[in-house]
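> fold the stuff below for me.
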Amino acid sequence: MKFEFVYDERLGIELPMLHEEWEALTVAEQAVLLNDWERIRGRIPDRIMQLEREIVDKQNRLNVEDDFPTSCRLNTQIAELASCITDLHLWFRADSRVSDKGHD
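Numbering: from 1, shown residues only. Presented below is the predicted three-dimensional model:
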């Protein structure tokens, strides 16, 4: 197998993993990979919206939280969710070939 898609638990999507250089793939293999990636990539905006809803929920909880350790925990969780959104934006906007090669 020259490539596969591996589920990334943190981002909640499958990411492409090449086991060979892009140029070593046949045109047909490149087409399959790109077709599969476009299908996955199309779900990224929905995943981002889901994470944004989680952030809003945590921010609402943070607004009424009086316990400092709990506030710190919520802030950390919000920061991690925001980091995931940033990474998803990068995956969504990146050229497929560049993204695949850059994340082996």
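
> in the protein, which residue sits furthest out from the middle?
Largest separation from the mean C-alpha position in the chain: D66, at 32.4 Å (Cα atoms, centre = their mean).

> packing partners of the longest helix along the chain?
Taking DSSP state H as the criterion, the chain has its longest helix at helix 68-93. In terms of contacts (3 or more Cβ pairs under 8 Å, 6 or more residues apart in numbering; DSSP states H and E), helix 68-93 is packed against strand 13-18, helix 44-64. For the C-beta atoms, the positions are set from N, CA and C on the backbone; glycine is no exception.

> any idea of the angle the shortest one forms with helix 44-64?
Between the axis of strand 13-18 and that of helix 44-64 there is an angle of 130 degrees, by axes from the mean of the first three to the mean of the last three Cα atoms, to 10 degrees.

> within the sheet, what are the partner strands of strand 13-18, with directions?
strand 3-8 (antiparallel) (DSSP bridges).
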